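Visitor: please find the sequence and the predicted model below.
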Amino acid sequence: NVVKIAKPIGVIGALVPSTNPEATPVIKSIFALKGRNSIILAPHPRSKLTNKMITEFMREALVACGAPADLITSIDTPSIEKTNELMKQCDRILATGGNPMVKAAYSSGTPALGVGVGNAVITVDDTADLKDAAQKIRISKTFDFAASCSADNSVILLDAIYDEMLAKLVTEGG
């Protein structure tokens, strides 16, 4: 009989990797705003221009909806020092990226949620709809040129469906 009622945390510090600089800021910002939080995006230096452009689009959308633009902001000239300072001062960290980045977030003293290197391994067994699975694997692998860490990395097939599934993947362009 416990009831939890969500409440805002405050300012979210979001570490954005160079491997997915266009979708990660949007997804993290949506999560923050849905929880009535603000967010500061700290991009990898190699993705600072993409991050700046995406952040400006989101800020314009906020204003168009009647919300303050500063609910979403970013570090436009990123550095390790600025990102470390953000992690010390924000109320929660959302860390996406390589192991050093996630480890730094967890070691910052601020509560952090982190995800390291992704690229899921897909397992297909004999209960799957093979045509549907092949199509979904193709969509995942070709979305955004497979740059996202959520893109399928490899496929494990059971012997019982190996030949048939391989043919379905070939039909999908694999």
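Guide: Nice, I can see it. What you see is a predicted model, and the numbers here were worked out from it, not measured in a lab. Numbering: from 1, shown residues only.
Visitor: phi first, then psi, for the nearest residue to residue 97 once chain neighbours are set aside.
Guide: With sequence-adjacent residues excluded and distances taken as Cβ to Cβ, 6 or more residues apart in numbering, residue 97 is closest to residue 17, at 3.7 Å. (C-beta placed from N, C-alpha, C; glycine too.) As for residue 17, its main-chain torsions (degrees, to the nearest 10) stand at phi -80, psi 160.
Visitor: and the gap between residue 17 and residue 24?
Guide: 7 Å (Cβ to Cβ, to the nearest Å).
Visitor: with neighbour numbers in mind, choose between those two.
Guide: Neighbour totals were compared for residue 17 and residue 24, and residue 24 leads with 26 against 23 (other Cβ atoms under 10 Å).
Visitor: can you pull the residues that touch both of residue 17 and residue 24?
Guide: Each of residue 96 lies in contact with both residue 17 and residue 24 under the rule Cβ atoms under 8 Å, 6 or more residues apart in numbering.
Visitor: what's the closest non-adjacent residue to the one residue sitting closest to the centre of the chain?
Guide: Centroid-nearest residue in the chain, with Cα atoms, centre = their mean: residue 24, separated by 4.0 Å. In this structure, residue 24 finds its nearest non-sequential neighbour in residue 16, 5.0 Å apart by Cβ to Cβ, 6+ apart.
Visitor: that neighbour reaches residue 46, doesn't it?
Guide: No. Using Cβ atoms under 8 Å, residue 16 is not in contact with residue 46; the gap is 10.8 Å.
Visitor: could you look up the SS state of residue 59?
Guide: helix (DSSP: H, G, I helix; E, B strand; the rest coil).
Visitor: need the contact list for it.
Guide: With contacts defined as Cβ under 8 Å, 6+ apart, the neighbours of residue 59 are 69-70, 72-73.
Visitor: and stretch 7-16, how far apart are its ends?
Guide: Stretch 7-16 stretches 24 Å from its first residue to its last (Cα to Cα, to the nearest Å).
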